[in-house]
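Enquirer: Predicted model, plus sequence, below.
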Amino acid sequence: MNSKICELLDIEFPLVAFTHCRDVVVAVSKAGGCGVLGAVGMSPEQLEKELTWIDEHIDGKPYGVDVLIPNKMVDQSEKFDAEKLKGMIPQEYADFRADVLENHDIEASELRTIDTAGSSFAANTKADGAKALLDVAFSHPIKLIANALGVPPDWMLEMGKENDVKVAALLGTAQHAINQVKAGVDILVVSGTEAGGHCGSVSTMVLIPEVYEAIQPYGDTPILAAGGIVTGKQMAAAMTMGASGAWCGSVWLTTVESEVPPVIKEKMVAANSSQTTRSRSRTGKHSRQLVSPWTQAWESEQAPDPLPMPLQPMVAEPALQKVAKLAEGGHDGARDLATYWVGQGVGLMNQSISASDVVQEFKEDFVEAYERLTGFVS
């Protein structure tokens, strides 16, 4: 396709897949798009194993890696200290998470003690932790590196230039887009509020043309539209508004290859677009996820206000990991509580097919949308 994204990433179809599953990365790239592996939850050693496996299976096709280096986070300028972070979490948060599980017949006495579990997220979002991941990533033939929750640090942009790797940045407002362009990023991932995971409050339909117009005085940096996009028709619509392609995350969660547990896949396939919520209960920043009694509990009057990042993940992740394990074992209360990040496009995700078939459906759907649009012009 005649797209700046295809040119920059050397791909056939401007569809970029964010995923935590190496199998999805390979399938999407081999189908003509570009898979991007989310690395923030991995150790450098684990990332090395994942990327080595990808290199061995991707047949030389382009792929990328995604990290998360927030510009604003508690203790961000300090050296990582898990014990110090643990000491910043009040006891009421441990008691609240345990209460939520116990209200669903899950024994959770161990969760009433704050420990350093869940602190790997904090370590990897610090400059040193992120750089350790990027050192691994740049030792492999990646084509793209992406960052969320702020302008990539100068050293990350320099690493991209030195290694001829394009740097992308996720954002949710026009002003943030201008800041990213001025900083020198190569690709803007413009994410509307419909998106799964961290997202802002402006809809994709409004945000794409707003960002496109806002950045023109500073340069026509290519845009990947994100947020609720799970079909080629939506992708085509975004490209008529100024995008050069699409960045999708949620649509891969229900694929055959996805790392998501079967109980979550079942929930997603059955869910409609109203059954997600934008909540701070998991990371401390607003992120969209499936509604469940866990997310609802954190919205109740009895709930403490979610802590800022990276403290809230230290509260939430140990509890949710326990829930996920029990849910897969068939525990009814855990299955009810189970949640995961997903966008409002979940209402259109009604089947489980392979990731390569998803790419093919995007292509066919895109062509249908293009033909329909041109049919309006006499």
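Expert: Ah, there it is. Numbering: from 1, shown residues only.
Enquirer: Determine how far the last residue of stretch 117-128 lies from the first.
Expert: 19 Å (C-alpha to C-alpha, to the nearest Å).
Enquirer: would you put the C-alpha positions of stretch 235-247 in CSV?
Expert: What follows is stretch 235-247, C-alpha atoms only, in CSV (Å, rounded to 0.1, in the frame of the first residue of the first chain):
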residue,chain,number,x,y,z
MET,A,235,-9.0,1.5,9.8
ALA,A,236,-10.0,2.9,6.4
ALA,A,237,-12.2,5.5,8.2
ALA,A,238,-9.2,6.6,10.3
MET,A,239,-7.0,6.9,7.3
THR,A,240,-9.5,9.2,5.6
MET,A,241,-9.1,11.5,8.6
GLY,A,242,-5.3,11.7,8.4
ALA,A,243,-3.9,8.4,9.7
SER,A,244,-1.4,6.4,7.7
GLY,A,245,-2.3,3.1,9.3
ALA,A,246,-3.6,1.5,12.5
TRP,A,247,-2.2,0.3,15.8
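Enquirer: my read: Ala148 touches Ala39, true?
Expert: No - Ala148 is beyond contact range of Ala39, at 11.5 Å (criterion: C-beta atoms under 8 Å). For the C-beta atoms, the positions are set from N, CA and C on the backbone; glycine is no exception.
Enquirer: overlap in contacts of those two?
Expert: By C-beta atoms under 8 Å, 6 or more residues apart in numbering, Ala148 and Ala39 have these common neighbours: 66-67.
Enquirer: Counting residues, which helix of this protein comes out longest?
Expert: helix 355-374 (DSSP state H).
Enquirer: Phi first, then psi, for Leu171.
Expert: phi -160, psi 160 (degrees, to the nearest 10).
Enquirer: in the stretch 51-200 of the chain, which spans are strands?
Expert: 63-68, 144-148, 166-171, 187-191, 197-198 (DSSP state E, counting those that start in this stretch).
Enquirer: do the stretch 251-378 of the chain as well
Expert: Using DSSP E, counting those that start in this stretch, strands in the stretch 251-378 of the chain cover 276-279, 287-290.
Enquirer: What residues sit buried inside stretch 335-354?
Expert: Within stretch 335-354, the residues scored as buried using 16 or more other C-beta atoms under 10 Å are 335-349, 352.
Enquirer: Show me the two of these that sit farthest apart.
Expert: Spatially, the most separated pair among the buried residues of stretch 335-354 is Leu337 and Leu348, at 24.9 Å (C-beta to C-beta).
Enquirer: low pLDDT regions in this structure?
Expert: 71-78, 118-127 (pLDDT under 70).
Enquirer: Give me every residue in contact with the helix or strand Gln46 falls within, excluding its own residues.
Expert: Secondary structure assignment for Gln46, by DSSP states H and E: helix 44-57. Applying C-beta under 8 Å, 6+ apart, the external contacts of helix 44-57 come out as 22, 25-26, 35, 37, 39, 42, 63, 65, 132-133, 135-137, 140-142.
Enquirer: Narrow the residues you listed to those in helices?
Expert: Per DSSP H, the contacts of helix 44-57 map to helices at 22, 25-26, 132-133, 135-137.
Enquirer: Which member of those residues is positioned nearest Ala243?
Expert: Using C-beta to C-beta, these come closest to Ala243 at Val25, 21.8 Å.
Enquirer: Which helix or which strand is home to Phe18?
Expert: strand 15-19.
Enquirer: Pairing partners for that strand, with directions?
Expert: Here strand 15-19 has these sheet partners by DSSP bridges: strand 34-38 (parallel), strand 245-248 (parallel).
Enquirer: I'd like these laid out as CSV, including mean neighbour count and distance to Met205.
Expert: As requested, those are exported to CSV (neighbours: other C-beta atoms under 10 Å; distance: least, C-beta to C-beta, whole Å):
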stretch, mean neighbour count, distance to Met205
strand 34-38, 26, 24
strand 245-248, 30, 14
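Enquirer: Can you lay out those strands as a markdown table showing distance to Ser109?
Expert: Shown next, in a markdown table, are the strands paired with strand 15-19 (distance: least, C-beta to C-beta, whole Å):
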| stretch | distance to Ser109 |
| --- | --- |
| strand 34-38 | 32 |
| strand 245-248 | 41 |
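Enquirer: Quick one: closest of those to Met268.
Expert: Closest approach to Met268 among the strands paired with strand 15-19 is made by strand 245-248 (14.2 Å; C-beta to C-beta).
Enquirer: Report the distance from the closest one to the chain centre.
Expert: 12 Å (C-alpha atoms, centre = their mean, to the nearest Å).
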